[in-house]
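*Asks:* Predicted model, plus sequence, below.
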Amino acid sequence: MSQNAQWHAYSCKKYYSSKFRKYYSCYSIVVTGSPLKHSYKQLLKRTLVIDLIVVFAINVLLLTVFIRVEFLEWFYDVSRKYEDWELDEVFSILMSLGISLIYFAVRRWRESQKVVDTLQHYLSHDYLTDLFNRRYFDEKLRKRARVFPVGVILLDLDNFKLINDQHGHQTGDDVLKRVARTIEPLLIGRELAARWGGEEFCILTTLEEPSRTEQLAEEVRIALINDRMLSRFHVSASIGFGTFTQGTDPDDIFRQVDHALYSAKNAGKNCTKKAS
């Protein structure tokens, strides 16, 4: 987290009162961009479980009291004794109200879950290409690299600045979206792609096949130059890739893959280079 982000989070904490602490926590995560330690969905499920336990405990307690004091028999006797009061109808209304409240609570929970899912999508995806964003990719890489060997592909579109300069930034955005749509169908299993930043994209592979990373890097390069829309703008990519053993530091992974990418640039672009 940058110093500005830290200062902003601190100022928010000073400004909001304690009763807004939960809202501040969610707000600070969005503003500072710090990794999510707990997903919103997990927090929501935890709250739901606690509520269900409380409701269950209350109902058990009330049922125990009703049984011990024979409430239903007493209520029946009273309703028969004072038929003019129509207490049995009051009881029916209370039952209907209880069912309605349960239905309302379930509906509200489902609606809030949709909001949580939408928020999680925005936090983990790039707004332009709808691929995963850099933070999500980095989190996944760090988790997988601790327990599995991984493959990483880093690609940079060649001469992308010329597209923006000659055809405008809207066309540049359309090219980035098309690149994302071209990469996605090539992925299999648990592989994932992300927009790393600007015109750079990265792919995480699982090394179930030793040659998979190199094969995918070449497939991506060929798919980009053969795409009908992208070929109108002479889009190509320089690609660096590497395979890494379990426990490799993610910073070292990107350092090596980035070096391979620039080797591809220096080799004339539109080619792939393996990290050494």
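*Replies:* Perfect, thanks for sending it.
*Asks:* what ranges do the helices span in the stretch 101-250 of the chain?
*Replies:* 134-147, 160-167, 169-183, 212-226, 228-231, 250-266 (DSSP state H, counting those that start in this stretch).
*Asks:* which stretches of the stretch 51-200 of the chain have low pLDDT?
*Replies:* Counting by pLDDT under 70, the stretch 51-200 of the chain shows low-confidence ranges at 51, 55, 59, 62-63, 65-97, 99-100.
*Asks:* can you put the helices of the stretch 101-250 of the chain in a markdown table and add distance to residue 110 and mean neighbour count?
*Replies:* To be clear about C-beta, it is placed using only N, CA and C from the backbone, and glycine gets the same treatment. What follows is the helices of the stretch 101-250 of the chain, written out as a markdown table (distance: least, CB to CB, whole Å; neighbours: other CB atoms under 10 Å):
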| stretch | distance to residue 110 | mean neighbour count |
| --- | --- | --- |
| helix 134-147 | 25 | 16 |
| helix 160-167 | 43 | 14 |
| helix 169-183 | 31 | 17 |
| helix 212-226 | 39 | 18 |
| helix 228-231 | 40 | 14 |
| helix 250-266 | 37 | 18 |
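*Asks:* Switch the ones you listed over to TSV; also include distance to residue 240.
*Replies:* As requested, the helices of the stretch 101-250 of the chain are exported to TSV (distance: least, CB to CB, whole Å):
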stretch	distance to residue 240
helix 134-147	15
helix 160-167	16
helix 169-183	15
helix 212-226	8
helix 228-231	20
helix 250-266	3
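*Asks:* From what I see, residue 179 and residue 229 are in contact.
*Replies:* No - counting by CB atoms under 8 Å, residue 179 does not reach residue 229; the two are 9.9 Å apart.
*Asks:* what about residue 108, how many neighbours?
*Replies:* Look at residue 108: counted by other CB atoms under 10 Å, it has 10 neighbours.
*Asks:* Please tell me how far it sits from residue 207.
*Replies:* 44 Å (CB to CB, to the nearest Å).
*Asks:* just residue 234 next, same as before
*Replies:* According to CB to CB, residue 234 and residue 207 sit 33 Å apart.
*Asks:* Which one's more surrounded, the two?
*Replies:* residue 207 (17 against 12).
*Asks:* ok, so what distance separates the more buried one from residue 183?
*Replies:* Taking CB to CB, one finds residue 207 at 18 Å from residue 183.
*Asks:* quick one on the thing from earlier: closest one to residue 196 among the helices of the stretch 101-250 of the chain?
*Replies:* helix 134-147 (5.5 Å; CB to CB).
*Asks:* other SSEs contacting that closest one?
*Replies:* For helix 134-147, the helices and strands in contact under the criterion 3 or more CB pairs under 8 Å, 6 or more residues apart in numbering; DSSP states H and E are helix 87-124, strand 150-157, strand 192-197, strand 200-205, helix 250-266.
*Asks:* Report the angle between that helix and strand 150-157.
*Replies:* Orientation of helix 134-147 against strand 150-157 (axes from the mean of the first three to the mean of the last three CA atoms, to 10 degrees) gives an angle of 150 degrees.
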